[in-house]
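Colleague: Show me how the following folds:
(2 chains)
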2 protein chains.
Amino acid sequence: MTLYERCADDIAELIRNGILRPGDKLPSVRDASLARGVSRSTVFQAYYHLESMGLIEARPRSGYYVRTGSQPVSSPEPVDSTPDGNAKEVAIGPMVFELLRSMNRRDFVPLGSAFLNPSLCPLTRLARHLGAAMRDFDPWRLIEDLSPGNESLRRHIVLRYGLDGMVIDPNEVVLTNGAMEGLNLSLQAVTRPGDVVLVESPTFYAALQALDRLQLRSLEVATSSAWGIDIDAVAKALKGQRVAACWIMPNFQNPLGSSMPDDRKKALVALLAEQEIPLIEDDVYAELYFGARKPLPAKAWDTRGLVIHCGSFSKCLAPGYRVGWVAGGRHAARIEQMRLMYTLSPAIPSEAAIAAYLDHGGYDRHLRRMRAALERYRAIAMEAVRAHFPAGTRMSTPQGGYFLWLEMPESVDASRLHALARERGISLAPGALFFNHPRSTHCLRLNYGHAGDPRFAGAMQTVGRLAADMAQG
Amino acid sequence: MTLYERCADDIAELIRNGILRPGDKLPSVRDASLARGVSRSTVFQAYYHLESMGLIEARPRSGYYVRTGSQPVSSPEPVDSTPDGNAKEVAIGPMVFELLRSMNRRDFVPLGSAFLNPSLCPLTRLARHLGAAMRDFDPWRLIEDLSPGNESLRRHIVLRYGLDGMVIDPNEVVLTNGAMEGLNLSLQAVTRPGDVVLVESPTFYAALQALDRLQLRSLEVATSSAWGIDIDAVAKALKGQRVAACWIMPNFQNPLGSSMPDDRKKALVALLAEQEIPLIEDDVYAELYFGARKPLPAKAWDTRGLVIHCGSFSKCLAPGYRVGWVAGGRHAARIEQMRLMYTLSPAIPSEAAIAAYLDHGGYDRHLRRMRAALERYRAIAMEAVRAHFPAGTRMSTPQGGYFLWLEMPESVDASRLHALARERGISLAPGALFFNHPRSTHCLRLNYGHAGDPRFAGAMQTVGRLAADMAQG
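Modeller: Numbers count the residues shown, from 1 in each chain, chains lettered A, B, ... in the order given. The predicted structure follows:
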């Protein structure tokens, strides 16, 4: 940890354990600097970071305050995983597909789901734009829009990068069938069978599946539920072997909910650039931040076209429409060629509907509402964990997205818990799904995006009690 | 050739060179049997085959007549290609992508396009169904429909198989992002890098691209523009080496326009089944037949779940909506798992719109209109070839779909012709695109689906004259 990170961590701890309460004023930058014996710029960096995490807020001409939405959390962070540093063949068990099957059953309470409640999205307005856009659609555009894709939509994507201060060449933007296709194509574009790919530990199971399908080997690197991937561990891993690519999720990581601070993103990009290693950045939750501002992607520090940034409208606007994109850097042309060979194009009506929605305005208003809802849901879920899960359960405090990572006492077998919960009509995502060679069998990824579901509270109680029973043996 | 094929071929020749004219009555089965010294059932088989090719029609209680729509064609069939029988690494040149780029330019006359004119499809009605279906869409279905996919749409697909006399288990039907994804997933599901895959010669370039991407080797087999792939050559190829899969297009093949007679399909299925070799059947043009009835897929003779039948709504109903399907036989579950990992699902609104359209009726009426238009377009295109292309040009007589295969005199270099045409705003698909190691450089695939375009006649004249100039040196 750097000096400012340690400083921020101390303050976060005070907020989490309730010593600093919502509305409390923080010491001024000057006072804090004197008190801790660090430079003012270190304190400023720490406050800036806490602000971007959504824990504190700056009030003009007044100073920094603990945010109202920032929940006091008594649970300590989960312990980082300790992968052994060896590249491994990837083998995907049947559990993932069983989970995927249970995910889409409406009679299940979807604690294990990867999906948000679609009702949080402006579905009626989207449907209206869909019908209107296609009613008078120029037939020729059904061919023309196949490549490089709906021009208006690509312009909106580039504009949104611009709002974040990033200048992205429109020719770099490749529309894809959701981020999933973007990630898969990106990985295939920069690897060959047998190559080693660096991933987080734990990592999104879709990354492991993609590695499996392309016969790549995974090199899992320790990742903290607070700070994201361990940069020193990355540096060490890169010394040991030739790495073909790195696939990570710097913002609101799935499954940890972790967020990399900006300087870590910058350091990672620089480290990979030394060896010209492409970074595939899964950034599908970026819009769902709880902090004062949208976190930047690692791509923001890319000067060499090595970062492939994958985004999507599925998580925050148009679930099921299957439209995502890749800002592919130097690999963009290859990725688009591969998409033309693989699926040809995303659905033209889906692209047109999203473009029309964005033309019409209201996206940011919708996003604000959605973020506020998810932040409330996070509080509900964390409170339920504290109330019902066994003593000693640790959990992350995600600063965006809708995943919480739970580390239960070691005697709780999450796969067994999953089976028991399933019998009770509750889906769970056991931690083992997120490691190549299953470890951390006492962890769970919890989707709190359905905390508005009237069945949520009861399901949390049920699962918590089942876990507590297991913990007592 | 079997006895009945020779008999049918002789009659087809008489029709093509105008000796038998539209409306002429054919000899009765009994007379023809006596005259040719073959059994009545042989004559009946020949007539049945000519009928399915759209050349003759049965009139109740009257006999067989040459069809009005059947064009007299003076051009002989192109000469079959003669691949060397060796499996080869696949290398895709940049020409395909250049072609794909020019395809979607509306300022180009799309003679080289792979796409039909979208205006032939009921776009307005589809758009209406799209808007209506999504307006009151149950939000939960945006998740539920991800797997196994829109239930109503899958039922319609199974029903249409049923109308063709095929009993397909609904669980075998996997919805895909167009047939392209279906074909790609199917190929990947049944092969490993380095495997040999048997393909037609010439074959659709997307097959070669898929082989390239998956690091498979192609084994090209001679394919006739009239009868499809040479079964004896397949048998010989299978003796020489281990073949992992076969990817062919029995109906209205792209680029030849060829159609396999039923008994050849049956023989091919049996031949591959002996060695448990999966057959990937690209059947996207099946609905666009000119004959009396829809040609059956090879899948109709599959009793072992070895044929993977890939269909699509993109060619005949909903271009750009990106919805296709796979009837995957014993490989269906694996193919669906791969799709879940790759693109998750086709666009839910696209699936819902097509299902609503099919619910509402009118699909078959639309298809009849579309077939009639394409048959007219075929006549226009073939007539233009005869009028403008150099003497000695041979061409196929497709019995459906919208591709014509031209074999020009050997002195005509189709790639050079392509470059000259491009300067004049006309796209062409040079024959070399359809072979792994480019051969048949004097061939062209011609898309006659745009013959209703007012620029079509002029473009055919321009290209024909350019070719004629080249032929004269």
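Colleague: show me where the stretch 251-400 of chain A has helices.
Modeller: A:262-274, A:332-342, A:348-360, A:363-388 (DSSP state H, counting those that start in this stretch).
Colleague: how about the residue nearest to A:Asn177 when sequence neighbours are not counted, what does it touch?
Modeller: Spatially, and ignoring its direct neighbours in sequence, A:Asn177 is nearest to B:Thr343 (4.1 Å; CB to CB, 6 or more residues apart in numbering or on different chains). Glycine gets a C-beta too; all of them are placed from N, C-alpha and C. Shown in contact with B:Thr343 (CB atoms under 8 Å, 6 or more residues apart in numbering or on different chains): A:Asn177, A:Gly178, A:Met180, A:Glu181, A:Asn184, A:Arg322, A:Thr343, B:Asn177, B:Glu181.
Colleague: What distance do you get for B:Thr343 to A:Ala432?
Modeller: 25 Å (CB to CB, to the nearest Å).
Colleague: swap in A:His366?
Modeller: For A:His366 relative to A:Ala432 (CB to CB), the value is 36 Å.
Colleague: ok, now A:Ala286?
Modeller: A:Ala286 sits 27 Å away from A:Ala432, going by CB to CB.
Colleague: cool, and A:Ala207?
Modeller: 15 Å.
Colleague: Quick check on the two: which one has the bigger neighbour count.
Modeller: A direct count of neighbours by other CB atoms under 10 Å in any protein chain shown for A:Ala207 and A:Ala432 places A:Ala207 higher, at 25 against 22.
Colleague: Any part of the helix or strand in which that one is found near chain B?
Modeller: A:Ala207 is located in helix A:205-213, with elements delineated by DSSP states H and E. Yes: judged by CB under 8 Å from any CB of the partner chain, helix A:205-213 comes into contact with chain B at A:Ala206, A:Gln209, A:Ala210, A:Arg213.
Colleague: In those residues, which residue is surrounded by the most others?
Modeller: Of all those, A:Ala210 has the most neighbours under the rule other CB under 10 Å, reaching 27 neighbours.
Colleague: Does at least one residue of the helix or strand hosting A:Leu446 sit close to chain B?
Modeller: Using DSSP H and E, A:Leu446 maps to strand A:443-447. No: using CB under 8 Å from any CB, strand A:443-447 never reaches chain B; the gap is at least 11.7 Å.
Colleague: got the angle for that strand vs helix A:363-388?
Modeller: If you take axes from the mean of the first three to the mean of the last three CA atoms, to 10 degrees, strand A:443-447 sits at 140 degrees to helix A:363-388.
Colleague: what's the following helix or strand after strand A:443-447?
Modeller: Downstream of strand A:443-447 (by DSSP H and E), the next one is helix A:456-471.
Colleague: and that next one, which residues are buried?
Modeller: A:Phe456, A:Ala457, A:Ala459, A:Met460, A:Thr462, A:Val463, A:Gly464, A:Leu466, A:Ala467, A:Ala468, A:Met470, A:Ala471 (16 or more other CB atoms under 10 Å in any protein chain shown).
Colleague: would you turn these into TSV with pLDDT?
Modeller: Listed next are those as TSV, based on pLDDT from 0 to 100:
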residue	pLDDT
A:Phe456	96
A:Ala457	96
A:Ala459	98
A:Met460	98
A:Thr462	98
A:Val463	98
A:Gly464	97
A:Leu466	97
A:Ala467	97
A:Ala468	96
A:Met470	95
A:Ala471	94
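Colleague: Tell me the one of the residues you listed nearest chain B?
Modeller: Nearest to chain B, judged by CB to the nearest CB, of those is A:Phe456 at 14.9 Å.
Colleague: wait, that closest one sits on A:His450?
Modeller: Yes: at 5.8 Å, A:Phe456 counts as touching A:His450 under the criterion of CB atoms under 8 Å.
Colleague: where do the contact lists of these two overlap?
Modeller: Common neighbours of A:Phe456 and A:His450 (criterion: CB under 8 Å, 6+ apart): A:Val109, A:Leu111.
Colleague: rewinding a little: angle of the helix holding A:Ala207 against strand A:443-447?
Modeller: Angle of helix A:205-213 versus strand A:443-447, following the same axes, to 10 degrees, is 120 degrees.
Colleague: In the contacts of B:Thr343, find the pair that's most separated.
Modeller: Greatest spatial distance among the contacts of B:Thr343 (CB to CB): A:Asn184 and A:Arg322, at 13.3 Å.
Colleague: Mean confidence (pLDDT) on stretch A:390-407, please.
Modeller: Here stretch A:390-407 scores 94 as its mean pLDDT.
Colleague: can it be found next to chain B?
Modeller: No: against chain B, stretch A:390-407 shows no contacts by CB under 8 Å from any CB, the least distance being 13.8 Å.
Colleague: mind checking the end-to-end distance for that stretch?
Modeller: Start-to-end span of stretch A:390-407 (CA to CA, to the nearest Å) is 10 Å.
Colleague: Cross-check the contact I'm expecting between A:Pro122 and A:Asp364.
Modeller: No: A:Pro122 lies out of contact with A:Asp364 (CB under 8 Å); the separation is 11.9 Å.
Colleague: Of the two, give the one with the bigger neighbour count.
Modeller: Per other CB under 10 Å, whichever of A:Pro122 and A:Asp364 has more neighbours is A:Pro122, with 19 against 11.
Colleague: ok, the more buried one to A:Tyr321 distance?
Modeller: From A:Pro122 to A:Tyr321 the distance is 12 Å (CB to CB).
Colleague: ok, now A:Arg40?
Modeller: Counting by CB to CB - A:Arg40 and A:Tyr321 are separated by 48 Å.
Colleague: and what of A:Met249?
Modeller: For A:Met249, the distance to A:Tyr321 - CB to CB - is 22 Å.
Colleague: In terms of packing, which of these two has more residues around it?
Modeller: Using other CB under 10 Å, the more surrounded residue of A:Met249 and A:Tyr321 is A:Met249, with 32 against 29.
Colleague: The more buried one against A:Ala206, yeah?
Modeller: No: A:Met249 is beyond contact range of A:Ala206, at 10.6 Å (criterion: CB under 8 Å).
Colleague: Name the residues contacting each of these two.
Modeller: Counting by CB under 8 Å, 6+ apart, nothing touches both A:Met249 and A:Ala206.
Colleague: more neighbours, A:Asn184 and A:Arg322?
Modeller: For A:Asn184 and A:Arg322, the more surrounded residue by other CB under 10 Å is A:Arg322, and the numbers stand at 31 against 27.
Colleague: Quick check: which ranges of chain A have low pLDDT?
Modeller: A:69-75, A:438-440 (pLDDT under 70).
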